[in-house]
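Visitor: take this sequence and fold it.
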Amino acid sequence: MSHHIALGSAGWERPDWSDSFYPSDMPEEWRLTYFNTQFECVFLTADVWRCAGPEAYAAWAGDSHERFVFLLEDARPDEVPAVLADKALGVGKEDARLLWFDRETSLKLLAGRLAEGEAASPLFLLSADGDLGQIERVRTLLELMAL
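Guide: Next comes the predicted model:
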């Protein structure tokens, strides 16, 4: 398979991750930095990214590694903040490059879709519900499939 698969989730600011994913003593402003050590992309709804503003965009750019991708819901190319120009992509929730999963997703079916090789490239594999157990199972599946 010749395409790159980036694992991520819908948002990084999840209250249910406060004591299970993020260290309990970690300041909230460090969470994106920590998140992007574990993931390669994040999907941000239009409400979230459009309300953030220039200071937040600059902080996001500074807190993420060079290959990290912000998937901005419904962003036209002229709407992508300039500071994120090399790190952001405007997408719709139904974009062919997005493959969503949640705690109920069958790993067997997911593996089949990944093995088909018909997916767009790059492919962004996103947790819709942030279920950490399922994210780890998907991460293991990607490793076993050498993706």
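Visitor: need the three-state assignment for Trp100.
Guide: With DSSP: H, G, I helix; E, B strand; the rest coil as the basis, Trp100 sits in strand.
Visitor: which outside residues touch the lowest-mean-pLDDT helix or strand in the chain?
Guide: Sorted by mean pLDDT, DSSP states H and E, the helices and strands of the chain end with helix 107-116, the least confident at a mean of 89. With contacts defined as Cβ atoms under 8 Å, 6 or more residues apart in numbering, helix 107-116 is touched by 1, 5, 99, 101, 119, 123, 137-138, 141-142, 145, 147. Using the backbone N, CA and C atoms, a C-beta is placed for each residue, glycine as well.
Visitor: which of the helices or strands spans Leu37?
Guide: Not Leu; residue 37 is Thr. Using DSSP states H and E, Thr37 falls within helix 31-38.
Visitor: check which helices and strands that helix sits against.
Guide: Judged by 3 or more Cβ pairs under 8 Å, 6 or more residues apart in numbering; DSSP states H and E, helix 31-38 is in contact with no other helix or strand.
Visitor: strands paired with the helix or strand following it, and their directions?
Guide: Sequence order places strand 41-44 as the next helix or strand after helix 31-38, per DSSP H and E. The pairing partners recorded for strand 41-44 under DSSP bridges are strand 5-10 (parallel), strand 69-73 (parallel).
Visitor: need the winner for burial among these.
Guide: strand 69-73 (a mean of 22; mean count of other Cβ atoms under 10 Å).
Visitor: give the next helix or strand downstream of that one.
Guide: Next element after strand 69-73 (DSSP H and E): strand 88-91.
Visitor: and that following strand, how far from the chain's centre?
Guide: 11 Å (Cα atoms, centre = their mean, to the nearest Å).
Visitor: relative to it, what are the paired strands and their orientations?
Guide: strand 69-73 (parallel).
Visitor: check the offset of the strand it pairs with from the chain's centre.
Guide: 8 Å.
Visitor: next: stretch 87-104.
Guide: 8 Å.
Visitor: picking that back up, among the contacts of helix 107-116, show me the least confident.
Guide: Within the contacts of helix 107-116, pLDDT reaches its minimum at Met1, with 40.
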